[in-house]
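> quick one, structure for this:
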Amino acid sequence: MKMKSRVKRKEGQAMVEYIIIVAVVAIAALVLFGMFGDTIKQKLGGAINELDSTTNVTVEDGESLQGLKDLDAR
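Coordinates of the predicted model:
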């Protein structure tokens with residue numbers, strides 16, 4: 001009986017350790033996002049605007065090379 005209770009304690013201890021690790025990582029992520037949240041939003045917003053502006057370009061069959069050069073120039 002004592003052997004089984006020790007195994008359960010070790011399993012429970014491991015579970016608690018994993019929960020603590022997950023909680024620490026989550027708190028660290030929240031702190032980092034709080035510190036750099038505005039910067040992240042600005043960078044993502046700029047990237048989204050750039051991607052959005054290039055998706056509106058249409059290229060005809062004969063103008064495909066010139067269209068690619070125009071995209072490269074942006």
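
> which residues of the protein score low on pLDDT?
Low-confidence segments of the chain, defined by pLDDT under 70: 1-8, 54-74.

> quick check: longest helix of it.
The longest helix of the chain (DSSP state H) is helix 2-55.

> so how many other residues sit close to Ala28?
10 (other Cβ atoms under 10 Å). C-beta here means a position set from N, CA and C on the backbone, and glycine is covered the same way.

> against Asn49, how distant is it?
30 Å (Cβ to Cβ, to the nearest Å).

> and if you look at Ile40?
As judged by Cβ to Cβ, Ile40 and Asn49 stand 15 Å apart.

> do the same with Leu32
With Cβ to Cβ as the criterion, Leu32 and Asn49 are 24 Å apart.

> same deal with Ile19?
With Cβ to Cβ as the criterion, Ile19 and Asn49 are 41 Å apart.
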